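> just need the structure, nothing else, for what follows:
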Amino acid sequence: MAKKPFLIGITGGSGSGKTTVSKALITRLADNNPILLQQDVYYKDQSEKPMEERMKTNYDHPDSIETDLFVSDLKKLIRHQSIDTPVYDYAEHTRSKETTHVEPGDVIIVDGVLLFNDERVRDLMDLKVYVDTDDDIRFIRRLQRDTHERGRTVEGVIEQYTATVKPMHNQFVEPTKRYADIIVPEGGGNYVAIDMLMNQAIAMVKKED
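Residues are numbered from 1 along each chain as shown. Reported below is the predicted structural model:
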């Protein structure tokens, strides 16, 4: 019987550097057949709603995620079963009709802003990491990403940040820091902390072997 995959959960505020840390881990754990699963592809389908209503979606609230499907897919990967994840269209504020096929791996790296909010998800993780980055840095990164990659205006990003992102971070993201096994301060640019995380993750994966 195949051994259980090793699950690493990486969370932190929007723009904290989660994906940078995740991709660094993928590279360092390349010999262990790692895969990356991102929570934000599990935003709920809103195709039945008019665009005006979709644009008001609070993406930083746990209710925006289809957590039941997310947990179900994680459990399938743990059982060494492949999955077809949703694809989210940020310009249309709903799911695309496409899906992404994901084969199981020996190491599963999962990242997401709201990753540690649900106990079911936390309980599946073997190593939980919180990427802690200054609010100003996170806002600048989000502004650059949303205007360049997601078709948002500067005014729209600022309005969304002040109305929902910051208050939701304080309510739902920051408090989950207490569940972390490792905290990476200053995000993806803290190479010393990331290197220490890599070494710990590699040691834990080898121990599982």
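> quick one: the helices in the chain?
Shown for the chain, the helices assigned by DSSP state H span residues 18-28, 51-54, 67-78, 119-124, 135-149, 154-160, 166-168, 191-208.
> and the fifth one with helix 18-28, angle?
Yep, that's helix 135-149 we're talking about. If you take axes from the mean of the first three to the mean of the last three Cα atoms, to 10 degrees, helix 135-149 sits at 80 degrees to helix 18-28.
> now helix 135-149: buried residues?
By neighbour count, with 16 or more other Cβ atoms under 10 Å as the criterion, the buried positions of helix 135-149 are D135, I137, R138, F139, R141, R142, L143, D146. (Glycine included, C-beta is placed from N, CA and C.)
> again, but for stretch 176-189
Buried residues in stretch 176-189, counting neighbours by 16+ other Cβ under 10 Å, are found at T176, Y179, A180, I182, V184, E186, G187, G188.
> and the last one, what pLDDT?
Per-residue pLDDT puts G188 at 68.
> hang on, the earlier thing: what's the most buried one of the helices of the chain?
Using mean count of other Cβ atoms under 10 Å, the stretch among the helices of the chain with the largest mean neighbour count is helix 18-28, at a mean of 19.
> sorry, back to before: out of the buried residues of helix 135-149, which is nearest to S16?
Checking the buried residues of helix 135-149 against S16 by Cβ to Cβ gives R138 as the nearest, at 5.5 Å.
> ok, the top strand by length along the chain: who's next to it in the sheet?
Among the elements of the chain assigned as strand by DSSP state E, the one spanning the most residues is strand 94-102. Looking at strand 94-102 with DSSP bridges, its paired strands and their directions are strand 83-89 (antiparallel).
> what residues are up against the residue lying closest to P185 once chain neighbours are set aside?
Spatial nearest neighbour of P185, excluding adjacent residues (Cβ to Cβ, 6 or more residues apart in numbering): D132 at 5.1 Å. By Cβ atoms under 8 Å, 6 or more residues apart in numbering, D132 lies in contact with G12, S16, K177, I183, V184, P185, E186, G187.
> so what's the nearest residue to the third one once chain neighbours are set aside up against?
Looking back up the chat, that one is K177. Nearest in space to K177, with sequence neighbours left out and distances taken as Cβ to Cβ, 6+ apart, is Y130 at 4.8 Å. If you count contacts by Cβ under 8 Å, 6+ apart, Y130 has them with T11, G12, F116, T176, K177, Y179, A180, I182, I183, V184.
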